[in-house]
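Novice: Return atomic coordinates for the entry below.
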Amino acid sequence: MMRTPRQIWKHRHETLSTAIAFHLNPQFDPCALFAILTHHRSIPVTDISTREKCLPWDELPPDFGGYGDSVWQQMLAELRASLPALDDLVKRLARTLKFSQQPLSAQSSLLELGLNGLWLQRGVQYQRRLTTEQKWRASLLRGLLISSDHMASARGARGERLKPPMVPVLSEYKSQIQESELPAGKPLLPFQQRAGEISGDAVLKAPTGSGKTLAAMLWAVRNQSENGRLFYVLPYTASINAMTDRFKRIFPPDSIGVLHHRNAAYLFRQMEDEPARERNQTARLLAGLAREMYHPIRVCTPHQILRFALRGRGWEFGLAEFQNACFVFDEVHAFEPLITGLTLATVKLLREMGSRVLFTSATIPSFLEDIIVTSLNIDPANIVSPDPADKLDSLVCDKLRHRIEVRAGSLLDDLPQIVQEIRESGESALLVCNHVATSQEVWRQLRDDYDLAPRLLHSRFNGRDRNEIERKITSKDKPAVLVATQAVEVSLDIDYDRGYTEPAPADALGQRLGRINRKGARPPASVVVFERPSGGHLYDQTLTDETVRLMRVADILTEASLVRIVDEVYRNGYTGTALEEFNRGVSNQDITQFRSRIVPGTYRPWTDDLFDQTDGQVEVLPDSLLDEFTALRRQQLYVQAEQLLVPIRMGQKFKALKAGTLFYEETLREWVTSLNYSSETGLDLSAQSNNIL
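Specialist: Predicted coordinates for the structure are as follows:
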């Protein structure tokens with residue numbers, strides 16, 4: 001097949017490769033033979049409905065298949081027809097690699113794989129005679145072989161070989177880290193120095209804009225093992241992209257991998273000087289390699305770490321690259337209760353593999369900190385935060401950034417007063433709404449009724465338009481008025497003079513405040529928090545109402561007082577459904593009994609559904625962009641085509657189906673919607689409902 005262009009053999013080479021390997025060396029490690037046998041396909045199944053790509057029974061020796069040996073004998077006959085060429089290749093390899101071998105001849109039966117039939121049984125109960133160590137080793141070797149195979153085949157858009165980068169020694173980049181992250185002429189703050197001196201698992205609490213990321217990176221410098229990889233975990237796509245950009249200013253760019261459901265689009269944007277088709281090919285290639293073991297530093301969502309623990313597709317890679325690695329879980333306060341529980345269970349598994357872990361947040365509630373510290377038995381000396389008693393640290397803790405006013409009514413109803421205050425102050429203003437539809441209505445009124453030129457940011461823009469919006473609002477010439485939803489909370493480096501926000505729990509509110517007088521370099525900024533949301537409660541009403549009550553007496557807000565408010569709001573910890581979800585995650589038996597439940601050569605497809613739907617979302621194509629989408633696909637510009645898709649929640653999908661505004665286009669294999677879409681306002685769902693939601 002390799003010597004005849006466009007000829008496809010249509011059989012699995014892995015089965016013959018395993019037979020040949022065992023024949024050449026009858027003492028071959030069964031775990032390695034298993035890795036050869038399964039490095040392209042999972043072990044066979046009897047349930048044909050599975051979505052796994054599996055080895056076919058009839059392409060295995062008769063002792064394994066049980067369906068007769070006609071196909072296997074045909075494969076052997078075709079192999080023997082090419083035996084001289086194969087024998088020549090094996091002999092040359094033996095000389096080069098200096099190994100001895102059994103003779104390979106036409107009389108070789110090749111009917112054995114060197115494996116007990118139990119290796120191909122899926123149920124844990126069938127593999128009890130295999131030791132835990134065997135199953136772990138077989139899975140480890142399988143992951144290494146798959147990744148090696150893919151990387152050896154990887155070629156850039158011009159056909160060049162992509163050589164995997166070396167693991168950076170973080171200590172050699174310490175000066176670059178400080179130069180990149182520290183303001184010119186500023187010394188390390190005491191809490192940053194302490195973080196860089198800690199060995200072992202730790203918790204880091206520091207305000208937004210205080211240098212928390214620098215402290216986390218110094219912790220990683222101190223805790224990296226030889227050849228240990230670094231995983232920087234964040235909950236949102238925008239924050240992952242921003243952190244990746246920061247890392248690429250410090251470390252060799254090819255050592256940094258970005259891993260989330262839209263990483264190909266991010267990578268595409270980084271290659272502006274390349275021709276479009278080459279950009280597409282390279283971006284898609286690197287996006288795939290980011291899921292494997294190519295990049296020694298990875299910035300990713302927690303779902304990508306959990307994919308390993310729950311044995312999703314490619315879980316075996318983690319057995320190698322998570323060993324002795326450093327993990328930074330940033331913005332941990334924003335993890336959903338289920339994800340928090342699953343993460344804590346996974347961290348215990350990672351620690352068994354020699355990894356070290358740092359949890360960090362600007363507004364982590366005390367109850368969550370206590371859960372982390374207690375469940376992981378973290379040394380109290382390894383809990384780091386700015387010390388109010390220290391002169392330098394106190395500048396962070398006591399910085400006066402916001403003057404809070406709680407105002408009756410809703411933001412939408414108060415627009416005339418808001419516009420008057422913006423005009424009289426001459427300041428830039430950020431207006432944060434809880435719902436997309438509310439933000440769209442606020443934007444329309446500001447533009448049409450008040451002759452302002454606001455920008456709009458929310459989650460229902462397609463990737464192309466959202467990238468352009470984020471580029472403009474983070475530029476020096478940012479719009480004077482920005483209307484946004486909680487999409488603005490996700491680590492965008494923006495700074496407005498004053499703010500107006502709908503009510504939200506204290507931790508979410510703290511993130512919004514971090515986009516107003518961000519560095520605290522100016523006098524306290526005016527921030528108005530409204531008592532009532534315009535379109536119904538998005539968040540837990542009890543937590544939201546308690547936050548509003550505490551904000552009413554806050555007046556000038558410091559970082560220390562914000563943390564106290566967060567602690568007070570969450571004084572009861574997880575309750576109700578949130579508690580149930582957290583407990584379900586932290587006690588997940590697939591993670592807590594990970595070693596005993598390993599079934600080599602399999603993965604669990606449902607984890608792909610769970611994680612790839614990005615927290616219950618689906619992407620749809622506005623029909624106004626259908627022609628452009630089709631043209632891009634026809635030109636094989638797949639990344640640009642994907643940038644036209646708009647994310648909506650699963651509940652909104654079902655409403656659109658019921659309303660007849662959404663249908664599945666079989667040829668494109670995409671959901672297409674007739675709902676209005678524009679680059680200024682995004683997708684408009686108002687045709688489905690008269691409520692502002």
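Novice: Tell me if Asp370 really is in a strand.
Specialist: No. Counting by DSSP: H, G, I helix; E, B strand; the rest coil, Asp370 is not part of a strand but helix.
Novice: can you count the residues close to it?
Specialist: Neighbour count of Asp370, defined by other CB atoms under 10 Å: 11. Any C-beta I mention is one placed from the backbone N, CA and C, and that applies to glycine too.
Novice: ok, it to Phe359 distance?
Specialist: According to CB to CB, to the nearest Å, Asp370 stands 12 Å off from Phe359.
Novice: for stretch 189-207, which positions count as buried?
Specialist: Neighbour-count burial for stretch 189-207 flags 189-192, 194-196, 198, 201-207 (criterion: 16 or more other CB atoms under 10 Å).
Novice: Which members of these occur in strands, if any?
Specialist: Ala202, Val203, Leu204, Lys205 (DSSP state E).
Novice: Closest one to Gly341 out of those residues, please.
Specialist: Closest to Gly341 out of those is Val203 (17.1 Å), distances taken as CB to CB.
Novice: Next, the contact list for the closest one, please.
Specialist: By CB atoms under 8 Å, 6 or more residues apart in numbering, the contact set of Val203 is Leu358, Phe359, Thr360, Ile364, Glu369, Ile372, Val373, Ile378, Asn382, Ile383, Val384.
Novice: what's the answer for Glu421, then?
Specialist: Glu421 makes contacts with Arg498, Ser526, as judged by CB under 8 Å, 6+ apart.
Novice: how near is it to Ala389?
Specialist: The value you get for Glu421 to Ala389, if CB to CB is used, is 38 Å.
Novice: Kindly report the same for Asp413.
Specialist: For Asp413, the distance to Ala389 - CB to CB - is 45 Å.
Novice: hang on, the earlier thing: which of the buried residues of stretch 189-207 lies closest to Ala504?
Specialist: Closest to Ala504 out of these is Pro207 (18.0 Å), distances taken as CB to CB.
Novice: Next up, phi/psi of that closest one, please.
Specialist: Backbone torsions of Pro207, given as degrees, to the nearest 10, read phi -60, psi 160.
Novice: Grab the nearest non-local neighbour of it.
Specialist: Nearest residue to Pro207, sequence neighbours excluded (CB to CB, 6 or more residues apart in numbering): Glu559, at 3.9 Å.
Novice: isn't that neighbour right up against His402?
Specialist: No. Assessed by CB atoms under 8 Å, Glu559 is found out of contact with His402, at 9.9 Å.
Novice: neighbours around Ala138, how many?
Specialist: 26.
Novice: And it, which helix or strand is it part of?
Specialist: Using DSSP states H and E, Ala138 falls within helix 132-153.
Novice: Convert the next helix or strand after that helix to CSV, retaining C-alpha atoms only.
Specialist: Note on helix 132-153: by DSSP H and E, the next helix or strand toward the C-terminus is helix 174-181. Coordinates of each C-alpha in helix 174-181 appear next as CSV, following Å, rounded to 0.1, in the frame of the first residue of the first chain:
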residue,chain,number,x,y,z
LYS,A,174,12.8,33.2,36.1
SER,A,175,14.3,36.5,35.1
GLN,A,176,12.1,36.6,31.9
ILE,A,177,9.1,35.8,34.0
GLN,A,178,9.7,38.7,36.4
GLU,A,179,10.6,41.1,33.6
SER,A,180,7.5,40.3,31.7
GLU,A,181,5.1,40.3,34.6
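Novice: A strand includes Leu358, no?
Specialist: Yes. Counting by three-state DSSP, Leu358 is found in a strand.
Novice: Give me the neighbour count for it.
Specialist: Look at Leu358: counted by other CB under 10 Å, it has 28 neighbours.
Novice: which residues of the stretch 251-400 of the chain fall in helices?
Specialist: Under the criterion DSSP state H, counting those that start in this stretch, the stretch 251-400 of the chain carries helices at the ranges 263-269, 276-289, 302-309, 316-321, 337-352, 366-376, 391-397.
Novice: Same list (those helices) but as TSV, adding distance to Ala242 and mean pLDDT.
Specialist: Formatted as TSV, the helices of the stretch 251-400 of the chain follow (distance: least, CB to CB, whole Å; pLDDT from 0 to 100):
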stretch	distance to Ala242	mean pLDDT
helix 263-269	10	52
helix 276-289	18	64
helix 302-309	17	89
helix 316-321	24	91
helix 337-352	20	94
helix 366-376	24	95
helix 391-397	21	83
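Novice: need the ones you listed in TSV with distance to Gln27, can you?
Specialist: Below are the helices of the stretch 251-400 of the chain laid out as TSV (distance: least, CB to CB, whole Å):
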stretch	distance to Gln27
helix 263-269	43
helix 276-289	34
helix 302-309	32
helix 316-321	24
helix 337-352	31
helix 366-376	43
helix 391-397	62
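Novice: Quick one: closest of the ones you listed to Phe99.
Specialist: When the helices of the stretch 251-400 of the chain are compared by CB to CB, helix 316-321 sits nearest Phe99, at 23.3 Å.
Novice: Work out the gap between that closest one and the centre of the chain.
Specialist: Relative to the mean C-alpha coordinate of its chain, helix 316-321 is positioned 17 Å out (CA atoms, centre = their mean, to the nearest Å).
Novice: and what of stretch 73-86?
Specialist: Centre-to-centre, stretch 73-86 and its host chain are 45 Å apart (CA atoms, centre = their mean).
Novice: residues making contact with that stretch?
Specialist: Stretch 73-86 has contacts (CB under 8 Å, 6+ apart) with Trp9, His11, Thr15, Leu16, Ile20, Glu59, Leu104, Ser105, Ala106, Leu110.
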